[in-house]
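> Have a look; sequence and predicted model below, questions after that.
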Amino acid sequence: MLPVYDWKTTRAFSLPTDQYGWIRLNLAGREAQGIVSVDQYDETCEQLEAMLLALTTESGASLVRDIVRTAASAKCALGNPLPDLVVHWEDAAFASPLRIKDSKVRAKPVGKNLRVSMRRKAFAFTVAVMASTRVARSRPKT
């Protein structure tokens with residue numbers, strides 16, 4: 001179910017979830033092939049939060065209600081089994097078809113069962129957003 005990642009360049013990735021966006025940083029010392037250093041943890045979280053909070057539909061409706069960090073610090077995140085960021089979507093994120101401003105991403109429900117469709121859509125949307133914003137593949141600042 002997870003897409004194939006190039007772990008040498010992936011700074012963050014989404015996890016399958018049930019309606020929320022779960023994002024985990026590829027944190028060195030926690031993930032098998034982690035590339036985000038503990039020193040880059042807060043900055044990387046801030047970059048992701050800013051990009052996600054800026055997402056709107058083509059008509060200007062916000063897609064993200066809020067984002068919760070599950071660890072108080074990078075040190076706490078090292079032992080945290082939870083995603084680093086939990087994205088709570090606005091209702092606009094579940095529109096069909098979803099048209100994201102300044103993006104080629106188009107999301108549609110993938111099943112007839114609305115609840116299952118929403119879960120898959122939330123997961124697919126998180127993956128698509130990360131891919132479209134290039135966060136998943138961008139290199140850390142040097």
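Thanks, I have it. Residues are numbered from 1 along each chain as shown.
> Please count neighbours and contacts with C-alpha atoms only from this point.
Will do.
> Helix or strand with the lowest mean pLDDT in this protein?
helix 114-133 (a mean of 50; mean pLDDT, DSSP states H and E).
> quick one: D84 and A72 touch, right?
No - counting by C-alpha atoms under 8 Å, D84 sits too far from A72 to count as a contact (9.8 Å).
> The two: which has the busier surroundings?
Ranked by neighbour count (other C-alpha atoms under 10 Å), D84 and A72 place D84 first, with 25 against 10.
> And that one, how far from T57?
Separation of D84 from T57 (C-alpha to C-alpha, to the nearest Å): 25 Å.
> One more: A12?
Distance from A12 to T57, by C-alpha to C-alpha: 23 Å.
> More neighbours: which of those two?
Set A12 next to T57 and count neighbours by other C-alpha under 10 Å: A12 wins out with 24 against 17.
> Not counting its neighbours along the chain, what's nearest the more buried one?
L25 (4.1 Å; C-alpha to C-alpha, 6 or more residues apart in numbering).
> Please list all residues in contact with the one you found.
Residues counted as contacts of L25 (C-alpha atoms under 8 Å, 6 or more residues apart in numbering) are R11, A12, F13, V36, Y41, P83, D84.
> Quick check, pLDDT for it.
Reading off the confidence values, L25 has pLDDT 97.
> low pLDDT regions in the protein?
In the predicted model, the chain carries pLDDT under 70 at residues 1-2, 108-142.
> 50 instead?
Across the chain, the ranges flagged by pLDDT under 50 are 111-117, 119-120, 123, 127, 131-142.
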